[in-house]
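Chemist: Next one to model:
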Amino acid sequence: MRDLIYKIKSRVFGYSKEANKYKRPSYDELLKYKNFERKNNNNLALAFGAGRCGLSWFSKIFNSHKNWVGSVERFADYEAFYRYITYYNLPVNRESFYKLMELSYKRDMALYQNTFISSSYLSFGVKELTEKLNPNYIFFNIRNPINSVESFYKKGWYFYTDGNKNMESPSIDITNSQYRSFSRIIPTGEKLKKWKDLSRIGKISFFWATINKSIYDDFKKINNIDKYNVKLEDINQNYSIYENLVEKFDFKEKLKKNKFLEIINKAPNKGSKDKYLYKDWNDLEKKEFTNVINEIFPYYESIKTDI
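Modeler: All right, here's what the predicted structure looks like:
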């Protein structure tokens, strides 16, 4: 019943003015804005994360104000392919993807002045996209590893590759849609052999840690731009943080607290599998989780929300 209620809320929200603001435009529509000239009062924010970290909710905070568009994975198919080619460092020309992102932010700026673009699929190109798109702000959105892995598990990550010990390269996932083939990354080289022996919890832990390590490293390389770390645990339903956002990003028509608290229910993104919480993991899964996190990304506790 609870999932049905969320689905109904999501469907209703899809017809709202807010949803229409960040809907995926057609290419022909985007071309109408190709000659738009970005001015000093047009701000672009880019947000990166591993997924299941509140990016969707955070983007809707921006989208709830008339002078901002907040979008998340608006071009999921192209963005997932971008993850694929950047993670595996494939010799694919990326200029058209930059153009898509540019046309997208021009459209938003022409209609609403400012735009907040978020996507977990862009996270292996943080430095590259920052250089190409010249954002005013960039965000590193992160959630604690236990809750993140639990959430990815419920969403079914690596469900259809679990137990496949013959995998020697990225595979084609035919279970849902094409972007899954491009989004479920796996290690390469000698690391792949070790990864194949991991449980689903271990595989998901690798995924979470690898993406956050990439964002973390790129953030350290970027200077002369406003950078923000955003921990979901710190900001979730935190009205004081929201008030800071209002000041920093000049949100028009500040939301009252009750309206702000309603944002999380506007368009939910719930998983389809059964919950599998840390307290229910077996000893091997807990050990794999700890070892993978400590090996790849042991920095979560050192990151502080700085909005």
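
Chemist: burial count for residue 169?
Modeler: Neighbour count of residue 169, defined by other Cβ atoms under 10 Å: 8. Placement of C-beta: from N, CA and C, glycine included.

Chemist: meant to ask about residue 199, not that
Modeler: Residue 199 has 18 neighbours, counted by other Cβ under 10 Å.

Chemist: any idea how far it is from residue 172?
Modeler: When distance is defined by Cβ to Cβ, to the nearest Å, residue 199 is 23 Å away from residue 172.

Chemist: May I have stretch 54-66 exported as PDB, CA atoms only?
Modeler: The C-alpha coordinates for stretch 54-66 follow below in PDB (Å, rounded to 0.1, in the frame of the first residue of the first chain):
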ATOM      1  CA  GLY A  54      19.500  12.800  -1.900                       C
ATOM      2  CA  LEU A  55      20.400  14.400  -5.200                       C
ATOM      3  CA  SER A  56      16.800  14.200  -6.400                       C
ATOM      4  CA  TRP A  57      15.400  15.700  -3.300                       C
ATOM      5  CA  PHE A  58      18.100  18.400  -3.200                       C
ATOM      6  CA  SER A  59      17.500  19.400  -6.800                       C
ATOM      7  CA  LYS A  60      13.800  19.800  -6.000                       C
ATOM      8  CA  ILE A  61      14.700  22.400  -3.300                       C
ATOM      9  CA  PHE A  62      16.200  24.500  -6.000                       C
ATOM     10  CA  ASN A  63      13.300  23.700  -8.400                       C
ATOM     11  CA  SER A  64      10.800  24.900  -5.900                       C
ATOM     12  CA  HIS A  65      11.800  28.600  -6.500                       C
ATOM     13  CA  LYS A  66      10.700  30.600  -9.500                       C
END
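
Chemist: give the contact list for residue 132.
Modeler: Residue 132 makes contacts with 98, 101, as judged by Cβ atoms under 8 Å, 6 or more residues apart in numbering.

Chemist: same check, this time on the one 10 residues further on
Modeler: Contact analysis of residue 142 by Cβ under 8 Å, 6+ apart lists 49-50, 53, 212, 229-232, 300, 303.
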